[in-house]
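Engineer: the amino acid sequence is not available; the structure is as follows:
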């Protein structure tokens, strides 16, 4: 063997290349990479330890580790088939010697996924205070029970993903002081109990190093705590309550939180808009670049408060991606003749590159003047998706649209409600060469599909077809047929010139 391969920097680079998986979803590719690493481990003594560390670094289930125990191997891999959840039934726990076999490889694991507990009784011989995975950095615990969880906790743990708010949560964050990424994805969609939410908030307040947090709704003391975490960059709050009152009282005397100085991404999927409004009213996000919200609104008055609070969150000069989905309006909303006035409150976000505003239960007010003002405030915009109720005639005309498009040269995706009856676009022709994807819908019928196709062909040369929402699909099909013919004719006439 060449002496260069004995240099750690070189052979570790070779191992990383062998272990590279281009398609994470390909089980075949993963199996080939593991087989190659296993072969390297048997090549020589120099390769053995680092190759074994790499082979066992990521474990998706515990069965491969248990398969290293001589007695269990034929049960797990009987007839060459992949294991199922029945192989451990009636099997005696590990002996002291077998435990040493298991621990020999478990000490190498850096990332572990635990989707099942059917084999936990095999580990009952291991003392509960024993650190079975001393180098573990990432743990995904997909169980509702916390039994035997202590065996999987390590002081080196940086990432923990749980699928329930369990009673050992405080123990986890206390023992794993280096925890940087905490994710709690509650599987059942019933209302979280007050005890669960209180336990969650109390546990979050014990975390000092968090960089990423994703969990159900927090109380105000927990919000105040995380606003002071210097390493926090991503926050996601997802309320599993389908509908209902805010999870915490909206006290009027809530003290403003400290600025979230380094948070760049915020996601709030909470069905109480009042809860989100309260959070935004008492928070500042001077580094925020990405904001995603999904909520309900009870009335237009609540909508006004909600959007006003967003405009004062301190991210006017930084926010690049804004996605808001209004799932439904409550009983205090009257859809007849009501407009959702949202866009004027968003004009302050001058660095926007993506805006998606979805509210299918209300007409989102937009006219030519407002669109022009919006485009002038959002010169960096690349995606504009305004999806409201199409049961109200649009005030945006082709002329107004193309006038506004001049101010957004980078826009490549557009979705708006438009008035197709006025096909005049003014004396100045525009060719917007970056726009490629267009979704139009209308309440008014299209009076001339050929004229609309001609406008799109001349003004939007990179648009091959117009996608439509739900209304007048037959007429939009005719527009696309005309558009296809125009492009084919243009291509035909261009060929002789290009061949000269």
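Structural biologist: Structure's in. What do you need? Note that the coordinates shown come from a computational prediction; the quantities given were computed from them, not determined experimentally.

Engineer: going forward, measure contacts between C-alpha atoms and count neighbours the same way
Structural biologist: Noted.

Engineer: what is the neighbour count of residue 197?
Structural biologist: Neighbour count for residue 197, taken as other CA atoms under 10 Å: 19.

Engineer: can you show me the helices along the stretch 301-450 of the chain?
Structural biologist: 343-346, 368-377, 398-405, 449-459 (DSSP state H, counting those that start in this stretch).

Engineer: contact partners of the third one?
Structural biologist: Okay, so that is helix 398-405. 368-369, 371-372, 375-376, 411, 418-420, 422-426, 430, 432, 459 (CA atoms under 8 Å, 6 or more residues apart in numbering).

Engineer: list buried residues within the residues you listed.
Structural biologist: 368, 371-372, 375-376, 411, 418-420, 422-423, 425, 430, 432, 459 (16 or more other CA atoms under 10 Å).

Engineer: between those, which is closest to residue 69?
Structural biologist: residue 411 (59.1 Å; CA to CA).

Engineer: my guess is that closest one meets residue 382, correct?
Structural biologist: Yes. The pair residue 411 / residue 382 is scored as a contact, 3.8 Å apart, by CA atoms under 8 Å.

Engineer: out of the buried ones among the contacts of helix 398-405, which comes closest to residue 451?
Structural biologist: The closest of those, once distances to residue 451 are taken by CA to CA, is residue 423, at 6.8 Å.

Engineer: contacting residues for that closest one?
Structural biologist: Applying CA under 8 Å, 6+ apart, the residues contacting residue 423 are 397-399, 451-452, 455.

Engineer: okay, now the unreliable bits of the stretch 251-400 of the chain?
Structural biologist: The model of the stretch 251-400 of the chain has pLDDT under 70 over residues 251-253, 329-338.

Engineer: do the stretch 51-200 of the chain as well
Structural biologist: In the stretch 51-200 of the chain (pLDDT under 70), the answer is 79-84, 187-192.

Engineer: how about the helices in it?
Structural biologist: 63-66, 73-76, 96-106, 169-175, 194-204.

Engineer: identify the residues contacting stretch 434-449?
Structural biologist: For stretch 434-449, contacts defined as CA under 8 Å, 6+ apart pick out 390-394, 409-421, 460, 462-472, 475-476, 478-479, 482.

Engineer: are any of the residues you listed buried, and which?
Structural biologist: 390, 392, 394, 409-421, 460, 462-469, 471, 475-476, 478-479, 482.

Engineer: out of those, which sit inside strands?
Structural biologist: 413-417, 466-468 (DSSP state E).

Engineer: centre of the chain to stretch 111-125, how far?
Structural biologist: 29 Å (CA atoms, centre = their mean, to the nearest Å).

Engineer: relative to residue 104, how far out is residue 459?
Structural biologist: Noted for residue 459: a distance of 68 Å to residue 104, by CA to CA, to the nearest Å.

Engineer: swap that for residue 121, sorry
Structural biologist: Counting by CA to CA - residue 121 and residue 104 are separated by 19 Å.

Engineer: and residue 86, what does it touch?
Structural biologist: Applying CA under 8 Å, 6+ apart, the residues contacting residue 86 are residue 118.

Engineer: select the longest helix from the chain.
Structural biologist: helix 473-499 (DSSP state H).

Engineer: my guess is residue 146 meets residue 164, correct?
Structural biologist: No. Residue 146 is beyond contact range of residue 164, at 9.3 Å (criterion: CA under 8 Å).

Engineer: neighbour count winner among the two?
Structural biologist: Counted by other CA under 10 Å, residue 146 and residue 164 do not tie: residue 164 has more neighbours, with 21 against 15.

Engineer: residues near the closest residue to that one other than its chain neighbours, how many?
Structural biologist: What sits nearest to residue 164 in space, not counting adjacent residues and going by CA to CA, 6 or more residues apart in numbering, is residue 186, at 4.9 Å. Counted with other CA under 10 Å, residues neighbouring residue 186 total 19.

Engineer: could you pull up the residues touching residue 186?
Structural biologist: Here residue 186 is in contact with 162-165, 216, 240 (criterion: CA under 8 Å, 6+ apart).

Engineer: quick one: the residues you listed as JSON lines, columns for distance to residue 277 too.
Structural biologist: Formatted as JSON lines, the contacts of residue 186 follow (distance: CA to CA, whole Å):
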{"residue": "162", "distance to residue 277": "28"}
{"residue": "163", "distance to residue 277": "27"}
{"residue": "164", "distance to residue 277": "26"}
{"residue": "165", "distance to residue 277": "25"}
{"residue": "216", "distance to residue 277": "16"}
{"residue": "240", "distance to residue 277": "18"}
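
Engineer: out of the residues you listed, which is most surrounded?
Structural biologist: residue 216 leads those on contacts (other CA under 10 Å) with 25 neighbours.

Engineer: where does it land on pLDDT?
Structural biologist: pLDDT recorded at residue 216 is 90.

Engineer: do the one 5 residues further on as well
Structural biologist: Model confidence at residue 221, given as pLDDT, is 92.

Engineer: burial count for it?
Structural biologist: Counted with other CA under 10 Å, residue 221 comes out at 16.

Engineer: and for residue 149?
Structural biologist: Residues near residue 149, counting by other CA under 10 Å: 14.

Engineer: coming back round to it: using pLDDT, spot the least trustworthy of the ones in strands among the buried ones among the contacts of stretch 434-449.
Structural biologist: residue 468 (70).
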